[in-house]
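**Q** Here is a sequence with its predicted model. Questions after.
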Amino acid sequence: MASIAENISTVRTQITNAARAAGRPETAVRLLAVSKTQTVASVQEAYDAGQREFGENYVQEALEKIAALNLPEIIWHFIGPIQSNKTAEIATHFDWVQGVDRIKIANRLSAQRPAERGPLQVCVQVNLSLEDSKSGVALEDAASLCEHIASLPGLCLRGLMAIPAPSTDPEQQRATFRPLARLFQELQGRYPQMDTLSIGMSADFEAAIAEGSTLVRIGTALFGARHPGPKPLGAK
Ligand SMILES: *Cc1c(COP(=O)(O)O)cnc(C)c1O
């Protein structure tokens, strides 16, 4: 079985190749290592291989890792669903939050961000699959949520993210991402600080890069299968 360092190297090469094939600069796409359910030792191994950005979905689990891995340049993204009773912990301990899809959550994160940490970097989550069960704002409502977030002092609006329904057909994957990429370009004209289109996971990152992704969120292709879990919320 390949080591985490080998997997990172392989995925980085695939990212570079996909960017080149799309006629984009090789440095246009950042890699976010999704470390949910993975151990502190695995995150450390990825860090030692040069990885700096990590994504976590579960607040309690993440806080333990953030405390244990107080390393130079490490950047933590919260990428899970956001419950309003967790916003204070998220605003205090994370650098980025990617799943913002409601004004109420945005207001709480802004108000609870400690001033000394500077603004929290935010991506608005858009629902591309039109499923009631998935979180995310509808595409046609994303611009007004962005406008609200851009006005909040504790937040910095950096981009859009989405988790579409899985598809194994690369053409279908690209077609799903396309309207989001178009909206992203349009919003970039309004908000110069907006530089992040967070689309693409292990199964569809090449299609996402072809459509303009600037940040791919990869878990299993780096760390292997996820450990069983998560722990129920509130569990010790
Ligand atoms: C788990 C997760 C990922 C990574 O998924 P893989 O298929 O393991 O690469 C990416 N984004 C979000 C929001 C996730 O929850």
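**A** Sure thing, it's come through.
**Q** surely residue 224 meets residue 1?
**A** Yes - using C-beta atoms under 8 Å, residue 224 is in contact with residue 1, at 7.2 Å. Using the backbone N, CA and C atoms, a C-beta is placed for each residue, glycine as well.
**Q** what about these two, which has more around it?
**A** More neighbours surround residue 224 than the other of residue 224 and residue 1, with 14 against 5 (other C-beta atoms under 10 Å).
**Q** which ones are touching that one?
**A** 1, 7 (C-beta atoms under 8 Å, 6 or more residues apart in numbering).
**Q** at 10 Å instead, please
**A** Contact partners of residue 224, counting by C-beta atoms under 10 Å, 6 or more residues apart in numbering, are 1-2, 4, 7, 38, 42.
**Q** Quick check: residues of this protein near the ligand?
**A** Contact residues (C-beta under 6 Å from any ligand atom) of the chain with the ligand: 34, 36, 57, 79, 163, 201-203, 217-221.
**Q** Just give the nearest non-adjacent residue to the residue of the chain found nearest the ligand, would you?
**A** Nearest to the ligand in the chain, going by C-beta to the nearest ligand atom, is residue 219, at a distance of 2.8 Å. Spatial nearest neighbour of residue 219, excluding adjacent residues (C-beta to C-beta, 6 or more residues apart in numbering): residue 34 at 3.5 Å.
**Q** Repeat that for residue 223.
**A** Of all residues not flanking residue 223 in the chain, residue 38 sits nearest, at 4.9 Å (C-beta to C-beta, 6+ apart).
**Q** for residue 71, same thing?
**A** Residue 71 sits nearest to residue 47 (C-beta to C-beta, 6+ apart), 5.9 Å away.
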